[in-house]
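Enquirer: this is the structure alone, sequence omitted:
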């Protein structure tokens, strides 16, 4: 659902004295532009928000990139624990790097939702080298690829992940192998649907000793045959899961 709340509506929400208990603000699809985001970044009321959703808006070109950089650098975002940027339109490739550069100002950030934002491994690299420590990453329908999986597997930014969604992220067997061998000891939910996963890669995930807390694994729509699926369901590794979706 979209609406035309715009900058004035967002500022009214943040400055409202009757909404002093407001902690989650989702203005996704509200036709916000770069000027609206800049105004939001400068509003002291943003400091009480712990979860911010601005997806489904268009922040195109250099102006959009600068507006996001201003938001990440704002003194009012230091309490943000979750940022939702799903399906943002017109984003310049450097937008994720600008977030990574502002990591000291976003030390409270735990969850990042960036599905369908055309993020590839090259764009993910600055984030993987930042000081952030995430517990949730939703990067569904991005061309993350095998190299992106290797970055996730080897970076302390992602070592504490509890949820990782890489559905439809153009991941092959090498990427799956990287995740299966990653030190993701806290990971409970792993979603890999829509990637070309073969039986050997799936078995490696189920047998992984570096994913001891894994409870939910989604390998649906990955091209596995009926025989492969049954073999995986019958495997020892599957028994430790609460949910295995094939």
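Expert: Here it is on my side, so go on. Note that the structure is a prediction, hence the values are computed from the model and not measured.
Enquirer: show me the contacts for residue 233.
Expert: Listed by CB atoms under 8 Å, 6 or more residues apart in numbering, the contact set of residue 233 reads 244, 246. C-beta: built from backbone N, CA, C; applies to glycine.
Enquirer: helices along the chain, start to end?
Expert: 6-15, 34-41, 61-73, 95-101, 121-128, 145-154, 173-180, 199-207, 226-233 (DSSP state H).
Enquirer: mind putting those helices into TSV with distance to residue 137 and mean pLDDT?
Expert: Shown next, in TSV, are those (distance: least, CB to CB, whole Å; pLDDT from 0 to 100):
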stretch	distance to residue 137	mean pLDDT
helix 6-15	26	72
helix 34-41	22	91
helix 61-73	17	95
helix 95-101	12	95
helix 121-128	9	97
helix 145-154	8	97
helix 173-180	12	95
helix 199-207	17	94
helix 226-233	24	95
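Enquirer: would you format those helices as CSV with distance to residue 107 included?
Expert: CSV is the format used below for those (distance: least, CB to CB, whole Å):
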stretch, distance to residue 107
helix 6-15, 22
helix 34-41, 17
helix 61-73, 12
helix 95-101, 13
helix 121-128, 14
helix 145-154, 20
helix 173-180, 26
helix 199-207, 31
helix 226-233, 40
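Enquirer: right, and those - which one's nearest residue 192?
Expert: helix 173-180 (7.1 Å; CB to CB).
Enquirer: can you list the buried residues in the closest one?
Expert: Under the neighbour-count criterion of 16 or more other CB atoms under 10 Å, helix 173-180 has 173, 175-180 buried.
Enquirer: just how off-centre is stretch 221-240 within its chain?
Expert: Its chain's C-alpha centre and that of stretch 221-240 lie 27 Å apart, by CA atoms, centre = their mean, to the nearest Å.
Enquirer: give me the number of residues near the spatially closest residue to residue 70 that is not a sequence neighbour?
Expert: Once flanking residues are discounted, residue 70 sits nearest to residue 41: 4.8 Å by CB to CB, 6 or more residues apart in numbering. Counted with other CB atoms under 10 Å, residues neighbouring residue 41 total 19.
Enquirer: for residue 41, what are its contacts?
Expert: Contacts for residue 41 (CB under 8 Å, 6+ apart) come out as 67, 70-71, 73-74, 76-77.
Enquirer: closest to residue 91 among the residues you listed?
Expert: Nearest to residue 91 among those, counting by CB to CB, is residue 67 at 10.9 Å.
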